[in-house]
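K.L.:
my questions concern the predicted model and sequence given below.
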Amino acid sequence: MKAALLTGIRKFETRQLPEPNLAKDTDVLIRIKMVGVCGSDIHYYTTGRIGSQVIQFPFTVGHEAAGIVEQVGTKVTRVKPGQRIAIDPAVYCGQCDQCRAGRENTCRELLFLGCPGQLAGALCEYLVLPEFCCFPIKDRTTFEQATLSEPLAIAVYAVERSHLPTKASVAILGAGPIGMSVFQVLRANHVGDVFITEKIPDRLKFAQQLKPEYCGNPDRADVVGEISKAAPLLLDAVFECSGDRMAYDQAVRLLKPGGTMALVGIPEFDAVSFPIHDLRRKEITVLNVRRQAHCTQKAIDWLEAKKINLDAMVTHHFSLAETKRAFDLVAHYRDGVMKAMIHVE
């Protein structure tokens, strides 16, 4: 089968690899149709690592994916050959204390698609996953929409964990795909005013089309001051979706006493400092969001029920052979890119 392999920093090669086989009777062979380029993929592309997760080249990245069931194990009941599916990229053990507590996203033996030392990614023609990673989609649901269910599930999970009060005032720091997914979930939940900050002008324009209460560029404006004027009592929650070091300080300053700072974005740095006295005096809750748990089907349901529409987020399409072009585009935020999709076939 064909696969796009990351062979070095900012280097991709299309190679032939052996087609995978079913190893367990609960496995599913998937013909990959679509892969989305995620910000975490870009970290691996530009630096070869995220924290302690360091790539040993060559390696296949990619975890936002959708495809068609090609073959199933003898005990598979969830899907059948020919079925179109969205993919949850997390493979959990189901046996450890975390899984038993319903926290499969922090499973002690968690394996994740496209994560170094865990599982090879989805930028290939065929993939084998357990049946619990496979979610059937309706005929009218596109592979783009199915692929977007993965980042949307993270947003659903982040908002659910935040336990927002009715008509909460909220900020989203970072208007990339995750930030905009969070915005869509907040809108579907009928929260109060939403304030958005973003440094990339094209993404700020994209966010403005969704009509938040405020949009501002922290490189060009005093976003904390401007939001504080619009919301003198400050905000109930801030969703940090940029991974930008300065955004952490901005989040603390924007939150009212008892507010929640949800850390959703993945930073490139290994450590961050907080204004600890402001944090403790306000009794701010710092909430780390680790991917998603039990939210993939919810995300698919919301997309298929048209409660959320992410179609405009898909701005660019590439073939598997054009994977490097796709990653370069996203890494440099060129041409107004929001979400680039790679068509594997």
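P.N.:
Received, thanks.
K.L.:
which helix runs longest in this protein?
P.N.:
Longest helix in the chain by number of residues (criterion: DSSP state H): helix 143-162.
K.L.:
per-domain residue ranges of this structure.
P.N.:
Listed by automatic domain parsing, the domain ranges of the chain are 2-136+310-343, 153-288.
K.L.:
what's the closest of these to A299?
P.N.:
Minimum separation from A299 across these (Cβ to Cβ) falls at domain 153-288, 4.1 Å. The way it works is simple: take the backbone N, C-alpha and C, and place the C-beta from them, glycine included.
K.L.:
what about that closest one, how long is it end to end?
P.N.:
Start-to-end span of domain 153-288 (Cα to Cα, to the nearest Å) is 15 Å.
K.L.:
show me what the longest helix of the chain is packed against.
P.N.:
Using 3 or more Cβ pairs under 8 Å, 6 or more residues apart in numbering; DSSP states H and E, the elements in contact with helix 143-162 are strand 27-36, strand 64-72, strand 84-87, helix 177-188, strand 235-240, strand 255-263, helix 296-304, strand 339-343.
K.L.:
ok so, going back, as a markdown table, the domains of the chain with distance to E304, mean neighbour count and mean pLDDT would be great.
P.N.:
As requested, the domains of the chain are exported to a markdown table (distance: least, Cβ to Cβ, whole Å; neighbours: other Cβ atoms under 10 Å; pLDDT from 0 to 100):
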| stretch | distance to E304 | mean neighbour count | mean pLDDT |
| --- | --- | --- | --- |
| domain 2-136+310-343 | 10 | 19 | 97 |
| domain 153-288 | 13 | 19 | 96 |
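K.L.:
got a markdown table for those domains, with distance to W302 too?
P.N.:
Below are the domains of the chain laid out as a markdown table (distance: least, Cβ to Cβ, whole Å):
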| stretch | distance to W302 |
| --- | --- |
| domain 2-136+310-343 | 10 |
| domain 153-288 | 7 |
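K.L.:
so for E144, which of the ones you listed sits nearest?
P.N.:
E144 lies closest, by Cβ to Cβ, to one member of the domains of the chain: domain 2-136+310-343, at 5.0 Å.
K.L.:
how about the helices and strands packed on helix 143-162, which one is nearest R290?
P.N.:
Of all the helices and strands packed on helix 143-162, strand 255-263 sits nearest to R290, with 9.7 Å by Cβ to Cβ.
K.L.:
tilt between the longest helix of the chain and strand 64-72?
P.N.:
Angle, helix 143-162 to strand 64-72, by axes from the mean of the first three to the mean of the last three Cα atoms, to 10 degrees: 110 degrees.
K.L.:
partner strands of whichever helix or strand comes after helix 143-162, with direction?
P.N.:
Counting by DSSP states H and E, the next helix or strand C-terminal to helix 143-162 is strand 170-173. Using DSSP bridges, strand 170-173 pairs in its sheet with strand 194-197 (parallel), strand 235-240 (parallel).
K.L.:
thinking again about what came up before, now render the helices and strands packed on helix 143-162 as a markdown table, adding distance to L111.
P.N.:
Output for the helices and strands packed on helix 143-162, formatted as a markdown table (distance: least, Cβ to Cβ, whole Å):
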| stretch | distance to L111 |
| --- | --- |
| strand 27-36 | 13 |
| strand 64-72 | 15 |
| strand 84-87 | 13 |
| helix 177-188 | 22 |
| strand 235-240 | 27 |
| strand 255-263 | 23 |
| helix 296-304 | 16 |
| strand 339-343 | 22 |
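K.L.:
out of these, nearest to C133?
P.N.:
Between C133 and the helices and strands packed on helix 143-162, the shortest gap by Cβ to Cβ is with strand 84-87, which sits at 5.8 Å.
K.L.:
direction included, what does the closest one pair up with?
P.N.:
According to DSSP bridges, strand 84-87 has the following sheet partners: strand 64-72 (antiparallel), strand 134-136 (antiparallel).
K.L.:
Q250 is nearest to which of the ones you listed?
P.N.:
When the strands paired with strand 84-87 are compared for distance to Q250 using Cβ to Cβ, the nearest one is strand 64-72, at 27.8 Å.
K.L.:
that closest one to strand 27-36, inter-axis angle?
P.N.:
Using the same axes, to 10 degrees: strand 64-72 against strand 27-36 is 150 degrees.
K.L.:
other residues contacting strand 64-72?
P.N.:
The contact list for strand 64-72 (Cβ atoms under 8 Å, 6 or more residues apart in numbering) reads 22, 27-38, 79-87, 89, 113, 122, 126-127, 131, 134, 137, 143, 146-151, 344.
K.L.:
tell me the contacts of the nearest residue to A120 once chain neighbours are set aside?
P.N.:
In this structure, A120 finds its nearest non-sequential neighbour in T60, 4.3 Å apart by Cβ to Cβ, 6 or more residues apart in numbering. T60 makes contacts with A3, A4, L5, L6, G114, A120, G121, A122, L123, C124, as judged by Cβ under 8 Å, 6+ apart.
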